[in-house]
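Q: Please work out how this folds:
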Amino acid sequence: MTVRFESIAVIGAGAWGTALALNAHRAGRKVKIWAREADVARKLSRGEGNPRYFPEVTMPPISATDRLEDLAECDAIMMVTPAQFARAAMESLAPIVKKDASILLCSKGVEAGTLKLMSEVLSECMPEARGSVLSGPSFAIDVAHGLPTAVTLASHSTDEGEAWVNAIGRPEFRPYFAPDVIGAEIGGAVKNVLAIACGAVEGMGLGRSAHAALISRGFAEMTRLAVAMGARQETLMGLCGLGDLVLTCSSMQSRNMSFGYALGQGRIAADILAERQSVTEGVASAPGVVSLASRFDVDMPICEGVAAVLGGQATLTEAVDALLNRPFRSEF
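A: Below you'll find the model as predicted:
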């Protein structure tokens with residue numbers, strides 16, 4: 001029998017966390033959002049919205065707190081902290097909520113150092129928790145405005161997945177259930193790295209043909225890694241793979257693509273990041289993705305080029321030349 005979630009805690013009051021909290025509120029759920037900053041929590045609770053990320057979005061009052069202890073009684077939890085901070089958030093949350101809490105992982109990335117996906121981090125920090133994954137082509141501002149959006153909701157448990165679909169699904173926010181957690185996570189992590197490459201190509205003025213080639217060959221890299229790690233190929237052909245890749249690699253709304261574009265125009269990575277409020281996940285995930293590819297003996301030359309540029313082992317020109325001078329081969 002499918003469980004029901006009526007009260008949902010959202011961990012993280014950045015753009016994506018705020019948008020997801022607003023969507024869950026519109027879906028009729030009782031929402032409490034955790035914000036690191038007390039003043040952000042006060043503004044959200046008073047109905048003043050989140051002026052730091054969504055100054056143009058009018059929001060109703062949504063209960064918010066800067067104390068994790070206030071989330072103990074919620075039915076389910078959406079983890080929306082950036083991937084590189086997820087472990088610390090889970091470790092802090094573990095002694096507060098029920099051991100078998102239902103957790104929806106909404107961050108995309110590979111943990112630096114450990115090479116763990118977010119579901120693996122959850123298994124280590126909260127081993128009895130019931131984890132699911134939300135991924136797919138979704139800009140936070142579109143969700144905040146209530147614009148039509150479709151995403152993948154992946155879970156090993158059909159009942160768990162359906163409970164989340166019923167809890168947050170709306171006509172304008174359509175979660176499609178999938179049983180492939182690894183596929184959903186790899187799609188979300190790799191597309192951010194590829195978006196940096198696509199942005200760099202745009203910034204260097206290499207043309208739309210090169211941009212399309214990067215998306216196509218990048219999709220092949222993404223799929224190879226996911227399948228090698230046990231995912232289903234068809235998962236990557238859906239919203240959390242191809243869909244998310246197309247969106248993230250085709251719009252300057254994407255933090256990763258806009259970062260790559262700035263790199264392509266000759267700017268320094270550290271300077272670009274210093275100007276940003278939000279995390280550019282592809283920067284932290286690139287070396288992890290490449291290390292995973294090495295571990296599973298998967299060829300990912302585009303991701304390797306991005307990691308080399310970010311790590312200072314190659315210039316953008318050198319990375320592009322390395323790709324263009326690879327041996328010709330069969331497409332499949």
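Q: In this structure Thr65 contacts Leu44, no?
A: No: taking contacts as CB atoms under 8 Å, Thr65 lies outside contact range of Leu44: 9.3 Å. The way it works is simple: take the backbone N, C-alpha and C, and place the C-beta from them, glycine included.
Q: Name the residues contacting each of the two.
A: Ile33, Ala35 (CB atoms under 8 Å, 6 or more residues apart in numbering).
Q: Which stretches in the stretch 201-332 of the chain count as helices?
A: Ranges of helices within the stretch 201-332 of the chain are 208-228, 233-236, 244-248, 255-264, 269-274, 281-295, 301-310, 316-324, based on DSSP state H, counting those that start in this stretch.
Q: Spatially central residue for this protein, please.
A: Lys108 (2.8 Å; CA atoms, centre = their mean).
Q: Between Thr65 and Leu44, tell me which one has more neighbours.
A: A side-by-side neighbour count of Thr65 and Leu44, using other CB atoms under 10 Å, places Leu44 first with 26 against 19.
Q: Against Pro61, how distant is the more buried one?
A: Distance, Leu44 to Pro61, by CB to CB, to the nearest Å: 8 Å.
Q: got a list of what Pro51 touches?
A: Lys43 are the contacts of Pro51 under CB under 8 Å, 6+ apart.
Q: And what about it, helix, strand or coil?
A: Under DSSP: H, G, I helix; E, B strand; the rest coil, the three-state class of Pro51 is coil.
Q: Glu73 now?
A: Under three-state DSSP, Glu73 comes out as coil.
Q: tell me the contacts of it?
A: Here Glu73 is in contact with Ser7 (CB under 8 Å, 6+ apart).
Q: Then the one 5 residues further on?
A: Residues in contact with Met78 (CB under 8 Å, 6+ apart) are Ile8, Ala9, Val10, Ile11, Gly17, Leu20, Ala21, Ala24, Ile103, Leu104, Cys106, Leu134.
Q: In a strand, it, correct?
A: Yes: counting by three-state DSSP, Met78 is part of a strand.
Q: now it: how far from His25?
A: On the measure of CB to CB, Met78 and His25 end up 12 Å apart.
Q: follow-up on the earlier one: contact partners for the residue nearest to the centre of the chain?
A: By CB under 8 Å, 6+ apart, the neighbours of Lys108 are Ala83, Met118, Ser135, Glu185, Gly188, Ala189, Lys191, Asn192, Glu281, Ser285.
Q: repeat that with 7 Å
A: Ala83, Ser135, Gly188, Ala189, Asn192, Glu281 (CB atoms under 7 Å, 6 or more residues apart in numbering).
Q: Which of the residues you listed fall in strands?
A: Judged by DSSP state E, the subset of those located in strands is Ser135.
Q: Reformat the contacts of Lys108 as a markdown table; add distance to Ala308, neighbour count and pLDDT.
A: Below are these laid out as a markdown table (distance: CB to CB, whole Å; neighbours: other CB atoms under 10 Å; pLDDT from 0 to 100):
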| residue | distance to Ala308 | neighbour count | pLDDT |
| --- | --- | --- | --- |
| Ala83 | 21 | 27 | 93 |
| Ser135 | 26 | 31 | 98 |
| Gly188 | 22 | 32 | 96 |
| Ala189 | 18 | 28 | 96 |
| Asn192 | 16 | 30 | 96 |
| Glu281 | 18 | 24 | 92 |
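Q: Give me the neighbour count for Glu91.
A: 13.
Q: Can you verify Ala163 is assigned to a helix?
A: Yes: counting by three-state DSSP, Ala163 is found in a helix.
Q: Just the ones of the contacts of Met78 in helices?
A: Gly17, Leu20, Ala21, Ala24 (DSSP state H).
Q: Now do Ala13 against Ala64, distance only.
A: 7 Å.
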